[in-house]
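Enquirer: I would like the atomic coordinates for the input below:
(chains A and B, ligands or ions: 2)
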Amino acid sequence: MTVRIVWKPRKSVGKIEKLARQTADPLERLRYVRHQMDLREPPGRFRWRQVRRIAAWISAAIGVALLVWRIH
Amino acid sequence: MSNGEHESNLPLGLDVGTSRIVVARTADKAHPSPYESQLNAFITLPYSKLAESLLEREGVFHEVFGGELLVTGNDAQKFAEVFRVETRRPMSRGVLNPQEPHSLAVIRSIIARLLGKSGVAGRKVFFSVPAPCQESDPAIAYHEASIRQILTQLGFDSQAIQEGLAVVFGEMSSSNYTGIGISCGSGLCNVCLAVLSVPVISFAVPKAGDFIDAQAAAVTGELATRMRVLKESTFAVNGLSGDRVQNALTVYYDDVIRTLANALRSTICSTQRLPKLDQSVPIVLSGGTAIPKGFLKRFTTALRTEDFPIKISEIRLSDDPLNSTARGALMAALC
Ligand SMILES: Nc1ncnc2c1ncn2[C@@H]1O[C@H](COP(=O)(O)OP(=O)(O)OP(=O)(O)O)[C@@H](O)[C@H]1O
Ligand SMILES: [Mg+2]
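Expert: Ligands and ions are numbered 1, 2, ... in the order given. Prediction:
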C-alpha cells in the first residue's frame, strides 16, 4: 500500500487541466478538479515521510536477515 | 419561511454578508429564481400592542425580544422610514458585531426566514465566512461557530467556505478554477488566489462599502445612509467633478481601490513557496462595491499589471456581482 502510494505516478497539473477542459458543465468540472487535487498530496512532506518509512522497513528487514544468517 | 424547503433535500449556498444575506439554491418549481436575499439589518421598537398589531396587519415578520419588537431583513428598511428610526446592523467588517447585543437573534431570524427548517435532517449548506485581515483574526472563529450553531439548530449540516474561494468557484470555471476571486462587499474586500480550486492565498482588506459611506459622510456632514443611497443610484468612479458629495465618494472609492491593489501585490510578493503558475491567471471582481461604472478601470490601473508579480490574463467584473458568493457556496455544497 505504502509503496503503491509513493511510486504511483501522480497526474500532472497540466493533465488535470487538459482533462478538466473536456467537461463542459461547470459543476462537473469543479467536482473533477477538486477530486484530482484531493488525490495529490502536498509533495515535499508527504513523500519524505513515505520514503523514511520504507527505509526503516528495509533496514529492519536487512537486520532480521543478518540475524537469521548469523544464527544459522 | 420558504415552504418548498420542506420537501427538498438539495444542498444550499448561503452568503452571510455584512449588509446582505443571500441564499442560492438549485432553481425548481417552488423557487424559479435561484437567489433570494434579505438585508442584514434590523430595527427595534418599544413593545406596544398598537405597534405589534400594525406590524401584524402589514404582514411584517417580527419577533418580541426582551420587551422590544424586532423587525429584521428587508422590512427593517421599510419600517425604519415609517417609524422614523435608524436601521442597525448585526454584523460589522464581515463578522458578528460585538457592540450589538441583538446580533445573533437577528441573524438567526433572517437565516430561518430564508432557509426555513431543513425538511430532511442533515441537509447540506455551505456558508461564507471572511478571510482574516491580519495573520489571524480570532473574531472569525466565534462568528463561524455562531452561524454553524444557528444552522445546526435548523437541522442543516453546515460547512464554512471563505468568501474569496466562493467567488472563484462561482466565477472561474473557464480557467479550471485557477485565478483570483475578489468580493468587494460592505465590510471587507475578500480575496483568494486559487490554483485548480485549491486556495493558495486568502486575505481580506478592512475597507469596503461601509468605509466609503462613513468617510464620505464625515467630510460632507451628511448621513452615511444618504451617502449609501447616492452611491448605489447615480455614482460612477470617474474622477473629481464640481459636486461635493460625488467628490467625497470618489476620494474614498479611490482609497479602497488603491488599498486593495496594494494589498494584493504585497501579499503575493511576500508569499513564499507560491506554486509555479505556467499560464497567466484571471481576476474576477464581484460584490456590491465593484458595481459602479469606472470601478473596473480604476482597479486595473491601480494594479499595474505590467509589473505585477504574477501574469494576469484578464480582469473582469462578475456578471452577477451581488450573487457571486452565494453561487460559489452552492457549487461547493453540490460537489
Ligand atoms: N449598485 C450599487 N452601486 C454601488 N454600490 C453598491 C451597489 N449595490 C450595492 N452596493 C454597495 O455594496 C455593498 C454591499 O455589497 P455586498 O452585498 O456584496 O456586501 P456584503 O456581502 O453584505 O458584505 P461583506 O462581504 O463585506 O460582508 C454596500 O456597501 C452597498 O452600498
Ligand atoms: Mg460579501
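
Enquirer: so residue B:25 sits right up against residue B:330, yeah?
Expert: Yes: contact criterion CB atoms under 8 Å: residue B:25 and residue B:330 qualify, at 6.8 Å. To be clear about C-beta, it is placed using only N, CA and C from the backbone, and glycine gets the same treatment.

Enquirer: what touches both of these two?
Expert: Listed as contacting both residue B:25 and residue B:330 by CB atoms under 8 Å, 6 or more residues apart in numbering or on different chains are B:12-13, B:34.

Enquirer: which members of those residues occur in helices, if any?
Expert: Assignment to helices by DSSP state H places none of the shared contacts of residue B:25 and residue B:330 there.

Enquirer: what parts of chain B come near chain A?
Expert: Residues of chain B lying close to chain A (CB under 8 Å from any CB of the partner chain) are B:169, B:173, B:176-177, B:195-198, B:278, B:331, B:334-335.

Enquirer: got a quick PyMOL command for the buried subset of those residues?
Expert: To isolate the buried subset of these in PyMOL, counting by 16 or more other CB atoms under 10 Å in any protein chain shown, use the following:
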select buried, chain B and resi 169+173+176+177+195+196+197+198+331+334+335
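
Enquirer: higher neighbour count, residue B:25 and residue B:330?
Expert: Higher neighbour count among residue B:25 and residue B:330: residue B:330, with 29 against 26, using other CB atoms under 10 Å in any protein chain shown.

Enquirer: if we can go back for a sec, what's the closest of the shared contacts of residue B:25 and residue B:330 to residue B:138?
Expert: Proximity of the shared contacts of residue B:25 and residue B:330 to residue B:138 was ranked by CB to CB; the top entry is residue B:13 with 26.0 Å.

Enquirer: so the closest one touches residue B:124, yeah?
Expert: No: here residue B:13 lies out of contact with residue B:124, judged by CB under 8 Å, at a distance of 9.8 Å.

Enquirer: settle it for me: which of the two has more neighbours?
Expert: More neighbours surround residue B:13 than the other of residue B:13 and residue B:124, with 31 against 18 (other CB under 10 Å).

Enquirer: now do that one against residue A:29, distance only.
Expert: 17 Å (CB to CB, to the nearest Å).

Enquirer: and the residue of chain A nearest chain B?
Expert: Among all residues of chain A, residue A:26 sits closest to chain B, at 3.6 Å; criterion: CB to the nearest CB.

Enquirer: what's near enough to touch residue B:108?
Expert: Neighbouring residues of residue B:108 by CB under 8 Å, 6+ apart: B:150, B:153.

Enquirer: A strand includes it, no?
Expert: No: checked against DSSP: H, G, I helix; E, B strand; the rest coil, residue B:108 lies outside a strand; its state is helix.
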